[in-house]
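A.B. asks: Sequence below, structure please.
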Amino acid sequence: MKSNTTTMSSNKEEVLTNNLKNNIELIQEYLCHTEDLVVKIIHKNAQIFAILFIESMIKIEALQSFIIEPILRETKDETGNIVKSYEIKNSTNISELGDSLLDGFCLILEENCSNGILAAASDDKERTISEPANEQNINGPRDGFVESINTNIQLLRKRIRNPELKVKYFTIGRITNTKVAMIYIDSIANRKLVEVIEDRISGVEVDSLKSTGHLEELIEDNTFSPFPQVLNTERPDRAVSYLLDGKINLLVDGNPTVSVVPITFFSFYQAPDDYNHRWLIGSFFRIIRVFSFIIAICLPAIYIAIVSFHSEVLPIGILYSIRVSLEFVPFLPLAEAFMMQIILELLKEAAIRLPSPIAQTIGIVGGLVIGTAIVEAHLVSNTMIVVIGFTAIASFVAPVSEMGTSMRLLGFPTMIMASILGFFGITLSLMLIFMHMCKLKSFGMPYFSPMAPFRKEDIKDTFMRLPIWKQNTRQTDALPQKLDRQRISKVWKKK
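C.D. replies: Okay, the predicted model is just below:
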């Protein structure tokens, strides 16, 4: 009997009553008596109203003009009919009312009434839409995603004005209640893929969700792989292009980055500018970017292998120059390479964390002063400075910085193998890397597609780009429902 009484009292506390003072106390208790919860009592004739809101989430001008003043001018109409707001809803549930206050709603309670009226009056402070600093292009749009999830969805809908663009919302995080949106084109995206991603997101149980990177680690296939399996972008035009290929966008509220899944290795070497130039120019730059992947991983290792084992492959003039520069260097080539790679990473991190004027100074000091001093001190050879410089440039060529970092990380084991086995060690390292990429999957889809498995029809838009009028089919890596695009034709040629 005692347990039943307890259950009944707990259920009673979950809904509003006819007592205004008791209702205010229930809301205050639900919000842990936070001091930024404002309770404003209004007397109107014989009626007593209470307006509750969190002052940090409300736009005071909207509260005064569209909620308080209409209530004071009320005649005989219901309160919910005179409040002016773009969103009004009713509820009696304490938890729903409290959560809505946290979302920027204003709660209107009335004496002798067990119904609460919620009116939207949030103060949406967000930064101006601007071009992302880390994904700049020469031609094309200059807008980028911001921290507001609603604004980001609007940027996508402006480009795809189609009722088949579908949005699904999730709430993740027991404490933060972070809003996550999954966006795809219903008639193109693979239904099984949508279900897989939906199940993975729904199955996430955490206290807080901080960013898209946090979500990425929770849902990706292989967390321990050095290769990113989710492409993050701040460009709406890039996100839309993947939606049209049957892929899915994931948005996290409070983060200006959109995650695209599933993704392939070659997608990390494609840039929006490739489609803003003629196809020959776009293909040329794509081939250079893919070639930079091999350079970033292998160039220091090739230098170590040549100096340590295979000096006979070089012409005598170049070999003599390298031997002279190495004559007074006390370290092994592997130690030289490791030292310079670590110095490069330190300089890069310092340039990122410091303010812009100081960061530019650090770059100049690191590139000229430290580089010159370390060579004159005979700690590193001149040739090694050149090799590491080319390696750094090659790793920075990747349009997605995360892939560039992965390349530099893979360079370390490749250098170790080269110092032990020479060219054979480099070959073995590349074999293991490509075997891993062939085996890797992004949300069940082949990561190294269209090379493994080989799909001849998909080559037209990977490391090269054929003319737009040749691309009448979508990429098959995401298994879209509609493989054929609308037939592209040059009508003017027939006239």
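A.B. asks: contacts and neighbour counts: CA atoms only from here.
C.D. replies: Noted.
A.B. asks: Quick check on residue 297: phi, psi?
C.D. replies: The phi and psi values for residue 297, taken as degrees, to the nearest 10, are phi -80, psi -40.
A.B. asks: For it, give me its contacts.
C.D. replies: Counting by CA atoms under 8 Å, 6 or more residues apart in numbering, residue 297 touches 391, 407-408, 410-411, 414.
A.B. asks: how many other residues sit next to the nearest residue to residue 296 once chain neighbours are set aside?
C.D. replies: Sequence neighbours aside, residue 391 is the residue nearest to residue 296 in space, at 4.7 Å (criterion: CA to CA, 6 or more residues apart in numbering). When neighbours are defined as other CA atoms under 10 Å, residue 391 has 24 of them.
A.B. asks: before we move on, the earlier item: which of the contacts of residue 297 fall in helices?
C.D. replies: Using DSSP state H, the subset of the contacts of residue 297 located in helices is 391, 407-408, 410-411, 414.
A.B. asks: Kindly write the PyMOL command that selects the buried subset of the residues you listed.
C.D. replies: Filtering these down to the buried ones (16 or more other CA atoms under 10 Å) takes a single PyMOL command:
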select buried, resi 391+407+408+410+411+414
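A.B. asks: Closest one of the ones in helices among the contacts of residue 297 to residue 481?
C.D. replies: Of all the ones in helices among the contacts of residue 297, residue 407 has the smallest distance to residue 481: 33.9 Å, by CA to CA.
A.B. asks: Can you show me the helices along the stretch 251-400 of the chain?
C.D. replies: With DSSP state H, counting those that start in this stretch, the ranges of helices along the stretch 251-400 of the chain come out as 273-276, 279-308, 316-326, 333-353, 356-364, 371-376, 382-396.
A.B. asks: Deepest in the core, which of these is it.
C.D. replies: Counting by mean count of other CA atoms under 10 Å, helix 279-308 has the highest mean neighbour count of the helices of the stretch 251-400 of the chain, with a mean of 21.
A.B. asks: For it, give the mean pLDDT please.
C.D. replies: Helix 279-308 carries an average pLDDT of 92.
A.B. asks: That helix vs helix 316-326, what angle?
C.D. replies: 60 degrees (axes from the mean of the first three to the mean of the last three CA atoms, to 10 degrees).
A.B. asks: and the angle for helix 279-308 with helix 333-353?
C.D. replies: In terms of direction (the same axes, to 10 degrees), helix 279-308 departs from helix 333-353 by 140 degrees.
A.B. asks: what's the angle between helix 279-308 and helix 382-396?
C.D. replies: If you take the same axes, to 10 degrees, helix 279-308 sits at 150 degrees to helix 382-396.
A.B. asks: State the separation between helix 279-308 and the centre of the chain it belongs to.
C.D. replies: 26 Å (CA atoms, centre = their mean, to the nearest Å).
A.B. asks: residues contacting the residue nearest to residue 296?
C.D. replies: With CA under 8 Å, 6+ apart as the criterion, the residues that contact residue 391 are 295-297, 299-300.
A.B. asks: before we move on, the earlier item: present the ones in helices among the contacts of residue 297 as JSON lines; the columns should include pLDDT and distance to residue 282.
C.D. replies: Formatted as JSON lines, the ones in helices among the contacts of residue 297 follow (pLDDT from 0 to 100; distance: CA to CA, whole Å):
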{"residue": "391", "pLDDT": "91", "distance to residue 282": "23"}
{"residue": "407", "pLDDT": "90", "distance to residue 282": "22"}
{"residue": "408", "pLDDT": "90", "distance to residue 282": "25"}
{"residue": "410", "pLDDT": "93", "distance to residue 282": "27"}
{"residue": "411", "pLDDT": "92", "distance to residue 282": "27"}
{"residue": "414", "pLDDT": "95", "distance to residue 282": "30"}
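A.B. asks: As TSV, the ones in helices among the contacts of residue 297 with distance to residue 173 would be great.
C.D. replies: Formatted as TSV, these follow (distance: CA to CA, whole Å):
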residue	distance to residue 173
391	41
407	33
408	34
410	34
411	37
414	40
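A.B. asks: coming back round to it: closest to residue 248 out of the contacts of residue 297?
C.D. replies: Checking the contacts of residue 297 against residue 248 with CA to CA, the nearest one is residue 407 at 25.8 Å.
A.B. asks: how close does that closest one sit to residue 430?
C.D. replies: Computed as CA to CA, to the nearest Å, the residue 407 to residue 430 distance reads 12 Å.
A.B. asks: show me where this protein has strands.
C.D. replies: Applying DSSP state E to the chain gives strands spanning 37-44, 47-54, 88-91, 105-110, 116-120, 165-172, 178-185, 231-233, 248-252, 258-261, 441-442, 445-446.
A.B. asks: So which of those is nearest residue 474?
C.D. replies: Residue 474 lies closest to strand 178-185 among the strands of the chain, at 13.6 Å (CA to CA).
A.B. asks: what's the weakest-modelled helix or strand in this structure?
C.D. replies: Lowest on mean pLDDT, DSSP states H and E among the helices and strands of the chain sits helix 2-13, with a mean of 40.
A.B. asks: check contacts around residue 397.
C.D. replies: Shown in contact with residue 397 (CA under 8 Å, 6+ apart): 289, 292, 404.
A.B. asks: What score does it have for pLDDT?
C.D. replies: At residue 397, the model reports a pLDDT of 89.
A.B. asks: Now for residue 102, how many residues are close by?
C.D. replies: 18.
A.B. asks: Settle this for me: it is touching residue 52, isn't it.
C.D. replies: No: judged on CA atoms under 8 Å, residue 102 makes no contact with residue 52 at a distance of 11.2 Å.
A.B. asks: how about low-confidence regions in this structure?
C.D. replies: Applying pLDDT under 70 to the chain picks out residues 1-13, 74-81, 359, 363, 365-366, 486-495.
A.B. asks: May I see the domains of it written out as residue ranges?
C.D. replies: 2-120, 149-263, 275-439 (automatic domain parsing).
A.B. asks: Kindly reformat those domains as a markdown table containing distance to residue 479.
C.D. replies: Output for the domains of the chain, formatted as a markdown table (distance: least, CA to CA, whole Å):
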| stretch | distance to residue 479 |
| --- | --- |
| domain 2-120 | 38 |
| domain 149-263 | 6 |
| domain 275-439 | 18 |
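A.B. asks: OK, contacts around residue 132?
C.D. replies: Contacts of residue 132 by CA under 8 Å, 6+ apart are 142-145, 234-235.
A.B. asks: who's in contact with the residue nearest to residue 267 when sequence neighbours are not counted?
C.D. replies: In space, and not counting its chain neighbours, residue 267 is closest to residue 462: 7.3 Å by CA to CA, 6+ apart. By CA under 8 Å, 6+ apart, residue 462 lies in contact with 266-267, 270, 450.
A.B. asks: what do you get if the cut-off is 10 Å, keeping everything else the same?
C.D. replies: 264-267, 269-270, 283, 286-287, 290, 449-451, 475 (CA atoms under 10 Å, 6 or more residues apart in numbering).
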